[in-house]
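Engineer: Provide a 3D model corresponding to the input given below.
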Amino acid sequence: MRRRLLIGVLVAAAIPTAVAGCGGSTHTSSGTSSSTSSATSSSASSSTTPAAALASRPLSPEVATEYVDAQVRALCLVQSKAYPTEKALEAAYVQAEHSGNLSAHDFAQAVAATTHDVALRKRISDRVAAVCGKH
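Structural biologist: Numbering: from 1, shown residues only. As a prediction, the model looks like this:
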């Protein structure tokens, strides 16, 4: 139960931090909590934020597929192994998540799309269940 909660927290935390990192910045595990709160509050305060602009653009099928693949890799990895600390789990997740071929901009656009695209989130969930099995 705790493992699923941690995975859920990682996924939820990845959305605003990845959006905040758009524009060529790299996403690292350090500063995650501060980036999360600032990205969340700034996107809630204005509809012209970078997150809102990214979310309003259609996601290309290629970017969506690469993003789904990256999420599946990351989620399967953290489900398949016990990590000694939450920080180690987060680091493994972030590294696997960013191991694909997406640019920082495409990754941020895909993350922003997950906030409103139920079909994309379901696609990720279905693939994780099919590839990783249910843990």
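Engineer: Which residue ranges of this structure form strands?
Structural biologist: Applying DSSP state E to the chain gives no strands.
Engineer: so where's it shaky on pLDDT?
Structural biologist: 1-56, 134-135 (pLDDT under 70).
Engineer: Cys76 contacts Cys132, correct?
Structural biologist: Yes: at 3.8 Å, Cys76 counts as touching Cys132 under the criterion of Cβ atoms under 8 Å. Bear in mind the C-beta positions are built from the backbone N, C-alpha and C, glycine included.
Engineer: Leu77 versus the residue nearest to Leu89 when sequence neighbours are not counted, what's the distance?
Structural biologist: Nearest residue to Leu89, sequence neighbours excluded (Cβ to Cβ, 6 or more residues apart in numbering): Tyr83, at 3.9 Å. Using Cβ to Cβ, to the nearest Å, Tyr83 is found at 10 Å from Leu77.
Engineer: shared neighbours of these two, anything?
Structural biologist: Both Tyr83 and Leu77 are in contact with Ala92, where contact means Cβ atoms under 8 Å, 6 or more residues apart in numbering.
Engineer: if we can go back for a sec, what is the neighbour count of the residue nearest to Leu89?
Structural biologist: Tyr83 has 16 neighbours, counted by other Cβ atoms under 10 Å.
Engineer: close enough to count as contact, it and Tyr93?
Structural biologist: No: Tyr83 is beyond contact range of Tyr93, at 9.3 Å (criterion: Cβ under 8 Å).
Engineer: So which bits of stretch 74-87 are buried?
Structural biologist: Ala74, Leu75, Cys76, Leu77, Val78, Tyr83 (16 or more other Cβ atoms under 10 Å).
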